[in-house]
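In: What follows is a predicted protein model with its sequence.
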Amino acid sequence: MDLKLPNWVRLVILVSALMQLGFGLTLLIDPDRIAELWPWKLPPLTARLLGASTLVSVPMALLVVWINRFAVAAIPLVMMLTYRVLQLLAGAIHHARFAPDSLVTWNYFGGGLLMAATFAFPLIAARREGLPSASPSQPFAQSMKWIVPGLARTILAALGALYLALGLAFLISGAAAKPLWFDAAGLTPLTARLFASPLPGLGLGIILVSQAKDWREIMVPAIGMTTIGIVGTLSLMLDCANFAPQSGAAWFVAATPPILLVVGVALLWSKPKI
């Protein structure tokens, strides 16, 4: 039986997505405004990439709200929850950088906690049969069996595990992860842990995609990957003068947007014919 999300969850996700859209586009277009929107200053390329990583959640969140089926929402919710939890952890580790009386601080922690709780609730409620039934008249009511070669699933799982490991490396190493970065302006411990947030969420999402049996489960993550592929590549192109990978691993991290673009398009292309 298909389940759906409570309306209050959909409302919170919708409002957050619209806020993230404004934040992400602002940094993508004008990264110098980072000081107005973020608790600490970032160099232009890194600021643009922060905006790009924020924008990836926007189409996923809007589709989760519109389609309103837990089968479609489950993997995106895991990805977005992981991102929020690790972003909060990065802020907690470097709490001294946050002014207690700043609106940006309250938005970072208060808004982050609210979104983490909102993403977690349906995942927990679904396991306890605490979500309402979805209407058969809503979009994507019919299951779409996803059949792909075992090798493709293995490659996806390995790619996801690699991104998960990279994210943990940024989180644990802090500034010592500099050889993995590619911004000529350098890498601070806080920035390293900030960019630990999207990579594990992405990695977990790809691992879950590799295990999926229903194409509806992977459709929204695939659109998210395509989004980060486009806006992340655009960020690198706009600030190519500051692009300076220091190692093979840094080149791989920098290649993440085009890699995800290819993976996302391939997953969308694999839609089964009904």
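Out: Good, I have the coordinates.

In: Give me the mean pLDDT for stretch 18-30.
Out: Regarding stretch 18-30, the rounded mean pLDDT is 91.

In: could I get it in PDB with only the CA atoms?
Out: Written as PDB, here are the backbone C-alpha positions of stretch 18-30 (Å, rounded to 0.1, in the frame of the first residue of the first chain):
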ATOM      1  CA  LEU A  18      11.600  28.300  -1.600                       C
ATOM      2  CA  MET A  19      14.100  29.800   0.900                       C
ATOM      3  CA  GLN A  20      16.800  27.500  -0.400                       C
ATOM      4  CA  LEU A  21      16.000  28.600  -4.000                       C
ATOM      5  CA  GLY A  22      16.600  32.200  -3.100                       C
ATOM      6  CA  PHE A  23      19.800  31.400  -1.100                       C
ATOM      7  CA  GLY A  24      21.300  29.200  -3.800                       C
ATOM      8  CA  LEU A  25      20.600  31.500  -6.700                       C
ATOM      9  CA  THR A  26      21.900  34.500  -4.800                       C
ATOM     10  CA  LEU A  27      25.300  32.800  -4.200                       C
ATOM     11  CA  LEU A  28      25.500  31.300  -7.700                       C
ATOM     12  CA  ILE A  29      25.000  34.700  -9.200                       C
ATOM     13  CA  ASP A  30      26.700  37.000  -6.700                       C
END
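
In: residues in contact with that stretch?
Out: With contact meaning CB atoms under 8 Å, 6 or more residues apart in numbering, stretch 18-30 is reached by 33-34, 37, 47-48, 50-52, 54-55, 57-58, 61, 231, 234-235, 238. To be clear about C-beta, it is placed using only N, CA and C from the backbone, and glycine gets the same treatment.

In: Over to stretch 120-134?
Out: Contacts of stretch 120-134 with the rest of the structure, by CB under 8 Å, 6+ apart, involve 1-6, 9, 68-70, 73-74, 77-78, 81, 141.

In: among those residues, who's most crowded?
Out: In terms of neighbour count, Ala73 stands highest of the contacts of stretch 120-134 at 31 neighbours, by other CB atoms under 10 Å.

In: Surely it is in contact with Asp2?
Out: No. Counting by CB atoms under 8 Å, Ala73 stays clear of Asp2, with 10.9 Å between them.
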